[in-house]
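Visitor: quick one, fold the following:
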Amino acid sequence: MEKLNLNSRREFLQKLLAASAVAGLYPYINTANGAEATFNKGKMPLRPLGKTGHMVGIYSLGGQATVETPGKEELAVQIINKAIDLGINYIDTAAGYGRATATLAKAEARGTSERNIGQVMKTRRKEVFLASKTDDRTYDGSMRLIEKSLKNLQTDHLDLWQVHNVRKAEITELDKWFTAGGVVKAMEKMRDQKVIRFIGFTGHEGPDVLKAMADRYPFDNVLVALNAADKHYDPFIEKFLPTAVSKNMGIVGMKIPARDRIFAHGGIITMKEAMEYVMSLPISTVIVGLDDIAQLEENIKIAENFKPLSADQMLEIEAKTKPYYKEIMFFKLRSEWPAEW
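Guide: Numbers count the residues shown, from 1 in each chain. This is a model prediction of the structure:
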């Protein structure tokens, strides 16, 4: 039975890899004699961000970690500038991003990420595809947030505005989001006024509610939790990713190292394995929060030298996460986990 399951998983991964190749997500230079393809090492590969028309580097900047931490403004600005200098052309943030500190509550820290990114956007806005999010589910609340986000980011428009962190428990609330008083209507209004270009949503608790969102409306983009432990519990890769691919959505992967939990216990021990696993999937790009410029440079080097893994290589990496996958899946709703956990 175990061998049967392994073969079934291998076939599933092979289909995903084939879908990536057909979609042109693996840029490479073919050799004249038909030998093994040579990847364009030393330059970050670009992939289509779904139907948006934007070509995005396979590694992008996430606006958390240092970028959202009050008191680290100078380092945050250095990281953002360096990221753009090194070829990153997609930056992700959110109205709610701001890390609580010993002297500052979470509510007061909100907006820190956007403000730090805004310090760079005031002079380099044209160099990046800029994404932010609303964590309000109403029309009025989201309209207030977009005004604040634009001010914080020192810009007059966003490339992408997303419904932030769609939760499992909200699956019964979706109808309200599409009414005149709901968040989606605010997004449509802002798109009509050219304040935003594209509409999306994000989530990391479970695949069912994300699939319900994608099936309900032609969203342009999704930010979804994807890592090598995903298959071991309520997997996004099996239950949601094929839907997003079929709808030609931009697909941005997050939680790649699961806040470094994926490196625990001597399983996956390198960022290279963690990133290459997700970049081998049919996704547009991955975002990772950073502590410092050294991490940025390491991750960009991994992206520049990326070559897709085989199904068997992916299976090996998945197997390494199995003994401690519960720890890696911390971001999936704990109240839904089996009682024995």
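
Visitor: how close does Tyr97 get to Glu74?
Guide: 18 Å (C-beta to C-beta, to the nearest Å). (Each C-beta comes from the backbone N, C-alpha and C, glycine too.)

Visitor: these two - which one has more neighbours?
Guide: Remark: of Tyr97 and Glu74, Tyr97 carries more neighbours, 28 against 10, as counted by other C-beta atoms under 10 Å.

Visitor: doesn't the more buried one lie inside a helix?
Guide: No. Counting by DSSP: H, G, I helix; E, B strand; the rest coil, one finds Tyr97 to be coil, located in no helix.

Visitor: next, the contact list for it, please.
Guide: Gly63, Gln64, Val67, Glu68, Arg110, Gly111, Thr112, Ser113, Glu114 (C-beta atoms under 8 Å, 6 or more residues apart in numbering).

Visitor: could you redo the last one with a cut-off of 10 Å?
Guide: By C-beta atoms under 10 Å, 6 or more residues apart in numbering, the contact list for Tyr97 reads 62-65, 67-69, 109-117, 132-133, 135, 164, 289.

Visitor: against Pro70, how distant is the closest residue to it other than its chain neighbours?
Guide: In this structure, Tyr97 finds its nearest non-sequential neighbour in Ser113, 3.5 Å apart by C-beta to C-beta, 6 or more residues apart in numbering. Computed as C-beta to C-beta, the Ser113 to Pro70 distance reads 10 Å.

Visitor: more crowded one of these two?
Guide: Shown here are Ser113 and Pro70; by other C-beta under 10 Å, Ser113 has more neighbours (31 against 18).

Visitor: picking up where we left off before, the contacts of Tyr97 in helices, which ones?
Guide: Ala109, Thr112, Ser113, Glu114, Arg115, Asn116, Ile117 (DSSP state H).

Visitor: most neighbours, which of those?
Guide: That'd be Ser113 among the ones in helices among the contacts of Tyr97, by other C-beta under 10 Å, with 31 neighbours.

Visitor: wait, isn't that one in contact with Gln119?
Guide: No. If you go by C-beta atoms under 10 Å, Ser113 and Gln119 don't touch, sitting 11.2 Å apart.

Visitor: now the element after the longest helix along the chain, going C-ward?
Guide: The residue-count maximum for a helix in the chain (DSSP H) belongs to helix 2-22. Using DSSP states H and E, the helix or strand that follows helix 2-22 in sequence is strand 46-48.
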